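Peer 1: quick one, what's the 3D model for this:
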Amino acid sequence: MTIFWLIFGVVNLFFNDFGKWTSYTWLGISLMYIAVYSFDYFNQYLTIQNGIIKENNLFGKKISLNEIKRIKKFAGDYILKTDKKELTINTQIIDPNSLAELNSELEKLNVEWN
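Peer 2: Here you go, the predicted model:
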């Protein structure tokens, strides 16, 4: 998608009226895609530190491990539930070794599994 928006923006910039704001919009969209890809590439999906499990994305959620009341497995995902929050973990994008470590940490918790 990034390459498509970048090519579309450059072509639009040079072959249409120079300086139209829509041409810059396409270039802006491609730069946004590059920024999101770079962030995801250089940061791990999930981290557990100091008793807190955290999603590492722009609007990532975090939950304290001792607040988790229930863990639900649904369609390959883990849904961690507290009284106030819910965190869904997509296990299909986690490295198998890291998934084993995640399972080990979650099994240490004394919570209800569904």
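Peer 1: in stretch 72-87, what's buried?
Peer 2: 78, 80-81, 87 (16 or more other CB atoms under 10 Å). (C-beta placed from N, C-alpha, C; glycine too.)
Peer 1: domains in the chain, by residue range?
Peer 2: Domain segmentation of the chain under automatic domain parsing yields 2-42, 46-113.
Peer 1: state the mean pLDDT of the first one.
Peer 2: So the one you mean is domain 2-42. Mean pLDDT, domain 2-42: 79.
Peer 1: now do the same end-to-end measure for it.
Peer 2: 17 Å (CA to CA, to the nearest Å).
Peer 1: ignoring the adjacent residues along the chain, who's closest to residue 56?
Peer 2: residue 43 (4.5 Å; CB to CB, 6 or more residues apart in numbering).
Peer 1: tell me where this protein has strands.
Peer 2: For the chain, the strands defined by DSSP state E occupy 46-49, 52-55, 62-64, 70-74, 77-81, 86-90, 112-113.
Peer 1: which one of these lies closest to residue 31?
Peer 2: Nearest to residue 31 among the strands of the chain is strand 52-55 (23.6 Å), distances taken as CB to CB.
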